[in-house]
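In: Quick one, what's the 3D model for this:
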Amino acid sequence: MAATQDVHVRICNQEIVKFDLEVKALIQDIRDCPGPLGALTELNTSVKEKFRELRHRIQELEQLAKEQDKESEKQALLQEVENHKKQMLSNQTSWRKANLTCKIAIDNLEKAELLQGGDPLRQRKTTKESLAQTSSNITESLMGISRMMSQQVQQSEEAMQSLVNSSRTILDANEEFKSMSGTIQLGRKLITKYNRRELTDKLLIFLALALFLATVLYIIKKRLFPFL
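Out: Numbers count the residues shown, from 1 in each chain. Below is the predicted model:
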């Protein structure tokens, strides 16, 4: 059972690393994206999917950590989970910055194209539509990031509560151990006292038996050999 858990933990960690690298690669693609906004939207969709998979694997690793038999292994895995969560939050921040950088670059490119000529009315209309789409995409991205960060905070609180419960369980077990230790010591004292009393009782019985035999021998002597 322990070997199977170790295999699952190793596979889960490998997948977390894989999705983390894929997210970083997509964030770099967003940072380098020349446009148009449709291409940026497709990249953001891929990033969201990778984040979803990454979050699922981290949750799976956290569940495996809680199922560990040894407390030391459990705490070590929970620490790994916490590190993965922090790395994911860092990737989310980089994702947001990359989106802002890319959208600013696309806006600057569109402004440069407008300055090169064309129908002013059509250009203004296109610019307004582009700005509206850009604003909408930024708002959507920020809301998505806010939701993900909220989920991460909730998961961190659950992990902290789990650690508190584990600590409480350890303290309770320690108190029980102290109580059992006191009971064992008391039992040891009683057994020692009983052994001493048993030895004293045996000695008294021996002395009483010796006295009885001496008395019997004395009576026999007086009856059979009164002249002695």
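
In: going forward, measure contacts between C-alpha atoms and count neighbours the same way
Out: Fine.

In: For Cys33, grab the count of nearby residues.
Out: By other CA atoms under 10 Å, the residues close to Cys33 number 20.

In: in terms of contact, does it touch Asn44 like I think?
Out: No: with contact defined as CA atoms under 8 Å, Cys33 does not count as touching Asn44 (11.1 Å).

In: Please, which helix or strand holds the residue nearest the centre of the chain?
Out: For the chain, the residue nearest the mean C-alpha position is Leu78 (2.4 Å; CA atoms, centre = their mean). If you go by DSSP states H and E, Leu78 is part of helix 71-115.

In: For Leu61, which residues are in contact?
Out: Val9, Cys12, Asn13, Leu77, Val81 (CA atoms under 8 Å, 6 or more residues apart in numbering).

In: separation between it and Ile170?
Out: Distance, Leu61 to Ile170, using CA to CA, to the nearest Å: 23 Å.

In: Would you reformat the contacts of Leu61 as JSON lines and include pLDDT?
Out: As requested, these are exported to JSON lines (pLDDT from 0 to 100):
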{"residue": "Val9", "pLDDT": "83"}
{"residue": "Cys12", "pLDDT": "87"}
{"residue": "Asn13", "pLDDT": "87"}
{"residue": "Leu77", "pLDDT": "86"}
{"residue": "Val81", "pLDDT": "89"}
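
In: which is the next helix or strand following the helix or strand containing Glu15?
Out: Using DSSP H and E, Glu15 falls within helix 2-32. With elements assigned by DSSP H and E, the helix or strand that comes after helix 2-32 is helix 37-66.
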